[in-house]
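J.: would you be able to build a 3D model of this:
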Amino acid sequence: MTLLTFRRPRPAAPHLPLAALEGYSIEVMPRTAAQVGDFRELLPEGTRVYIAHVDGTPIADMVATAARLAGEGFEVMPHFPARSIPDAATLADWIARYRGEAGVHQGLILAGGIPAPRGAFDSSMQLLETGLFDRAGFTRLHVAGHPEGNRDIDPDGSDRAVMQALRWKQDFSERSDAQMALVTQFAFDAGPVLGWARRLKAEGIALPVHLGIAGPAKLQTLIRYAVTCGVGPSLKVLQKRARDVTKLMLPYEPTDMVAEIARVCAAEPDLPIARLHLFPLGGIPAATDWAARHGGAAAQPSARAV
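T.: Now for the predicted structure:
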């Protein structure tokens, strides 16, 4: 390890019962963010906004988007995709720019979506091991969770490597000054997600889970994203819906899935699901409108300074 002296472990963050979409987060990209005139018209003040770093996006665009969102009063959490970062010097530069130009102190650390690394880094663990985030004073570091497995990590269809990585991240959370949580890919079926949450509990992995939910979108759009992103068994929910002519032309909304997760979390309050993370696959306005109608706080533009 190049990192870190051992520090006294903090008490585990409380795993709160899921109250619909209270305190949800949302994900944007620089190009989708540019289509929104003022996020204060759409999101509650202080919402955590993740900025997805698609491979090839200039870091200047990422930092500018982060600075804009921070200036509008949001908690900004950019992605740090390991396989797109060629070396430690580049990582240090990105961190310094986010800190200096946008006041960022949070990051989602993940492997990234490209199959082969650009340089020295292949996994989120390698980025964390550099110690650069702790030294820069990052107060929150999120990492990826995979309720339906990940074929890139476990090609044999098991979850052996995924679970090994989660144990490493749990251990790392006790050595880092930053608060940590797991952020998951979106899914469409509550059953596998809840089973995975129970597995984490049984394995002693206590990191809070911020559960990925696909926002309202056309069915064809969701199926395309699901296939591209490697969504697992819950894709069958969409395929079944596609066979129902009465539902084929109706936009999908995750209301039933969220209601089931909320019901089970209320009955099993020690499950590690803490919050929801919204992927606005059908557009940011549609996602934020749905959230406001189903338990998320509404934006209050009249209460904000112009």
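
J.: next, the buried residues of stretch 101-115.
T.: Residues of stretch 101-115 classed as buried by neighbour count (16 or more other Cβ atoms under 10 Å): 102, 104-113. Every C-beta, even on glycine, is put in place using the N, C-alpha and C of the backbone.

J.: out of these, which sit inside strands?
T.: Among the buried residues of stretch 101-115, the ones falling in strands (DSSP state E) are 106-110.

J.: of all these, which comes closest to residue 27?
T.: residue 108 (9.0 Å; Cβ to Cβ).

J.: quick one: the strands in this structure?
T.: 25-28, 48-51, 75-81, 106-110, 140-145, 179-184, 209-214, 273-279.

J.: so which of these is the most surrounded?
T.: With neighbours taken as mean count of other Cβ atoms under 10 Å, these reach their highest mean count in strand 209-214, at a mean of 25.

J.: does anything pack onto it? Which helices or strands?
T.: On a contact count with 3 or more Cβ pairs under 8 Å, 6 or more residues apart in numbering; DSSP states H and E, strand 209-214 meets strand 179-184, helix 190-203, helix 219-229, helix 255-267, strand 273-279.

J.: quick one: closest of the ones you listed to residue 28.
T.: That would be strand 273-279 among the helices and strands packed on strand 209-214, by Cβ to Cβ, at 9.9 Å.

J.: what mean pLDDT would you report for that closest one?
T.: The average pLDDT for strand 273-279 rounds to 94.

J.: can you list the strands that it pairs with?
T.: Sheet pairing here is set by DSSP bridges, and for strand 273-279 it gives strand 25-28 (parallel), strand 209-214 (parallel).

J.: how about the ones you listed in a markdown table, adding mean pLDDT?
T.: Shown next, in a markdown table, are the strands paired with strand 273-279 (pLDDT from 0 to 100):
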| stretch | mean pLDDT |
| --- | --- |
| strand 25-28 | 96 |
| strand 209-214 | 93 |
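
J.: can I get those strands in CSV including distance to residue 131?
T.: Output for the strands paired with strand 273-279, formatted as CSV (distance: least, Cβ to Cβ, whole Å):
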stretch, distance to residue 131
strand 25-28, 26
strand 209-214, 24
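
J.: of these, which is nearest residue 299?
T.: Across those, residue 299 has its closest neighbour in strand 25-28 (11.9 Å, Cβ to Cβ).

J.: and that closest one, how far out from the chain middle?
T.: Offset of strand 25-28 from its chain centre (Cα atoms, centre = their mean, to the nearest Å): 8 Å.

J.: only C-alpha atoms, please: export that strand in CSV.
T.: Output of strand 25-28 as CSV, limited to C-alpha atoms (Å, rounded to 0.1, in the frame of the first residue of the first chain):
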residue,chain,number,x,y,z
SER,A,25,-29.2,11.8,-6.0
ILE,A,26,-29.1,12.1,-9.8
GLU,A,27,-26.5,11.5,-12.6
VAL,A,28,-25.8,13.8,-15.5
